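# Below are the sequence and a predicted model; questions follow.
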Amino acid sequence: LAEVENERRQLQLSSEESQVMCDQLKSDLHRAAETISVLRETVADQEEKERLRFEEEARRVDKEEETLMASAKLDMEKQLSHLRESLEGQIDSLERELEEER
């Protein structure tokens with residue numbers, strides 16, 4: 001009878017230890033799930049920030065390109081204007097020479 005009682009106590013102690021370990025594992029699993037959730041949120045936030053940064057960079061590049069194109073257009077218009085004025089001057093000069101020869 002004492003042997004049975006001793007075995008029962010050992011089984012009860014083993015069961016209690018198993019319950020403590022089970023509770024600890026549940027707690028660890030819960031913390032791991034929370035950590036995974038936080039990491040997922042962090043990754044999502046970083047991806048969103050990266051997406052916004054990429055969009056901002058694309059807008060900046062577009063604006064810079066637009067500015068450069070506008071500047072190039074103005075330069076080209078000035079060159080064409082100078083060329084036109086020069087050609088008109090040459091035409092006027094040739095017309096005067098022609099008139100003088102007549």
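Cool, got the structure.
# what's the spacing between residue 11 and residue 4?
10 Å (CB to CB, to the nearest Å). Placement of C-beta: from N, CA and C, glycine included.
# got the buried residues for stretch 61-76?
Buried residues in stretch 61-76, counting neighbours by 16 or more other CB atoms under 10 Å, are absent.
# tell me the secondary structure for the most centrally placed residue in the chain?
Centroid-nearest residue in the chain, with CA atoms, centre = their mean: residue 50, separated by 2.5 Å. At residue 50 the chain is in helix, as set by DSSP: H, G, I helix; E, B strand; the rest coil.
# OK, contacts around it?
Contacts for residue 50 (CB atoms under 8 Å, 6 or more residues apart in numbering) come out as none.
# now do residue 36
The contact partners of residue 36, taken as CB under 8 Å, 6+ apart, number zero.
# before we move on, which element is it in?
Applying DSSP states H and E as the criterion places residue 36 in helix 2-101.
# what pLDDT, on average, does stretch 68-81 get?
The average pLDDT for stretch 68-81 rounds to 98.
# what's the answer for stretch 47-63, then?
98.
# can you pull the pLDDT of residue 2?
What the model reports as pLDDT for residue 2 is 86.
# So it versus residue 8, what's the distance?
11 Å.
# next one: residue 42
50 Å.
# Kindly report the same for residue 61.
Residue 61 is 78 Å from residue 8, by CB to CB.
# count of neighbours near residue 21?
Per other CB atoms under 10 Å, the neighbour tally for residue 21 reads 10.
# What of residue 16?
Here the number of neighbours of residue 16 (other CB under 10 Å) works out to 10.
# And it, how far from residue 10?
Distance from residue 16 to residue 10, by CB to CB: 11 Å.
# ditto for residue 53
Taking CB to CB, one finds residue 53 at 63 Å from residue 10.
# And for residue 65?
Distance from residue 65 to residue 10, counting by CB to CB: 80 Å.
# In contact with residue 71, which residues?
Contacts of residue 71 (CB under 8 Å, 6+ apart): none.
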